[in-house]
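Undergrad: Kindly generate the corresponding structure for this input.
(chains A and B)
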Number of protein chains: 2
Amino acid sequence: MMIQRNGDDPRIYRRMYRGEGTVTAEWYFRETTRLGAHVMMYTLAPGTSEGLHLHAEQDPDSCSIDDADELYIVTRGSVVLTVDGEQVQLAEGDAGYAHVGSLHGVANTTDEVARLMLVWGSPADRIENEEEESR
Amino acid sequence: MMIQRNGDDPRIYRRMYRGEGTVTAEWYFRETTRLGAHVMMYTLAPGTSEGLHLHAEQDPDSCSIDDADELYIVTRGSVVLTVDGEQVQLAEGDAGYAHVGSLHGVANTTDEVARLMLVWGSPADRIENEEEESR
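TA: Numbers count the residues shown, from 1 in each chain, chains lettered A, B, ... in the order given. This next block holds a predicted model:
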């Protein structure tokens, strides 16, 4: 089987999307996955945040070249997730889903370390939309 | 945004795939996700296990009607993941990847509760394989 230990593919993002502090992350099977979505673990020290950003292929403000829906699941502690101006506090086991083109970001406003699992990828109905446009 | 609180879509699997005890789970955005993979959180009390099983569309022993690759990431505690007879202990932040057709299962052999994130779906190269077969 394929195994990845925590720390095998570490990422360090300073002031991510103009957020505060440093987000540390682990990207799972980035080169080898055959799944239709990518998976990353975020660790946010107290006061750390990911600034507001969006993923939409044809938007000049996009932080990625591809469209992506993004799912955030809290696995430790608690965070504030903001999507298009709506703010929610998410505790362990809670999740939020940001659609393509939504302006979103996450912040740890607590005194404890927070962890999140991120799962993101091209939305499945994107292909249908493209087919419709090409008719 | 779409929000799911822990407990909004709970699952209880007794002696899952002939394993021991009861696996409790939360399935995230099962009906509404547009991602190319499904996401579930497993909670395994001490002594709980998921029996060995496989996901392969044309295999009579398969536990699902679809092909699936499956990614297991430990978010709390520690588990033993078995894939095709190979056993590994995975701690928090460690991950294992089981390919379509591999016989796999997970067990919590510790005295603490363990949690896992599961991400699974049809492997991307399946379509390529089908195209090759149809030539």
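Undergrad: And whichever residue of chain A sits closest to chain B, what's its pLDDT?
TA: As assessed by C-beta to the nearest C-beta, chain B sits closest to A:G36 within chain A, at 1.8 Å. C-betas here are computed from N, CA, C, even on glycine. With respect to pLDDT, A:G36 has a value of 92.
Undergrad: Pull out the buried positions in stretch A:32-51.
TA: Using 16 or more other C-beta atoms under 10 Å in any protein chain shown as the test for burial, stretch A:32-51 gives A:33-44, A:48-51.
Undergrad: How far does it stretch from one end to the other?
TA: 29 Å (C-alpha to C-alpha, to the nearest Å).
Undergrad: List the contacts of the residue lying closest to A:A25 once chain neighbours are set aside.
TA: The shortest distance from A:A25 to any non-neighbouring residue, by C-beta to C-beta, 6 or more residues apart in numbering or on different chains, is to A:R11 (4.1 Å). Going by C-beta atoms under 8 Å, 6 or more residues apart in numbering or on different chains, A:R11 touches A:23-27, A:40.
Undergrad: Secondary structure element holding the residue nearest to the spatial centre of chain A?
TA: When chain A is reduced to its mean C-alpha position, the nearest residue by C-alpha atoms, centre = their mean turns out to be A:L118, at 4.6 Å. Here A:L118 is covered by strand A:114-121, with elements defined by DSSP states H and E.
Undergrad: Need the contact partners of that strand.
TA: Against strand A:114-121 from outside (C-beta under 8 Å, 6+ apart): A:36-44, A:55, A:68-79, A:106, A:108, B:35-37, B:39, B:73, B:75, B:117, B:119.
Undergrad: mind listing which of those are in helices?
TA: Using DSSP state H, no member of the contacts of strand A:114-121 sits in helices.
Undergrad: burial of A:M16, as a residue count?
TA: Neighbour count for A:M16, taken as other C-beta atoms under 10 Å in any protein chain shown: 23.
Undergrad: again with the one 10 residues further on
TA: Per other C-beta under 10 Å, the neighbour tally for A:E26 reads 22.
Undergrad: wait, it sits on A:I12?
TA: No: counting by C-beta atoms under 8 Å, A:I12 is not a contact partner of A:E26; they are 10.9 Å apart.
Undergrad: one step back: so for the residue nearest to the centre of chain A, what's the pLDDT?
TA: So A:L118 comes in at 97 (pLDDT).
Undergrad: Please report how far the closest residue to A:R14 other than its chain neighbours lies from A:D111.
TA: Distances taken as C-beta to C-beta, 6+ apart place A:T22 nearest to A:R14, at 5.0 Å, with adjacent residues excluded. Distance, A:T22 to A:D111, by C-beta to C-beta, to the nearest Å: 17 Å.
Undergrad: From A:L44, how far off is A:S62?
TA: On the measure of C-beta to C-beta, A:S62 and A:L44 end up 23 Å apart.
Undergrad: these two touch, right, the residue nearest to A:R14 and A:I12?
TA: Yes: applying C-beta under 8 Å as the test, A:T22 and A:I12 come out as touching, 6.1 Å apart.
Undergrad: of those two, who's got more company?
TA: Neighbour tally, A:T22 and A:I12, criterion other C-beta under 10 Å: the higher count belongs to A:T22, 14 against 9.
Undergrad: And for A:A95, the neighbour number?
TA: Count around A:A95 with other C-beta under 10 Å applied: 24.
Undergrad: what pairs with it across the strands?
TA: Per DSSP bridges, the residues bridged to A:A95 are A:I73, B:Q4.
Undergrad: who's in contact with it?
TA: A:71-74, B:3-4, B:28-29.
Undergrad: which among those gets closest to B:P123?
TA: A:L71 (19.4 Å; C-beta to C-beta).
Undergrad: Neighbours of the residue nearest to the closest one when sequence neighbours are not counted, how many?
TA: Nearest non-adjacent residue to A:L71, counting by C-beta to C-beta, 6+ apart: A:V119, 4.4 Å away. Per other C-beta under 10 Å, the neighbour tally for A:V119 reads 28.
Undergrad: same check, this time on A:S64
TA: Counted with other C-beta under 10 Å, A:S64 comes out at 14.
Undergrad: host element of it?
TA: In the assignment (DSSP H and E), A:S64 maps to no helix and no strand.
Undergrad: Could you measure from it over to A:G19?
TA: For A:S64, the distance to A:G19 (C-beta to C-beta) stands at 16 Å.
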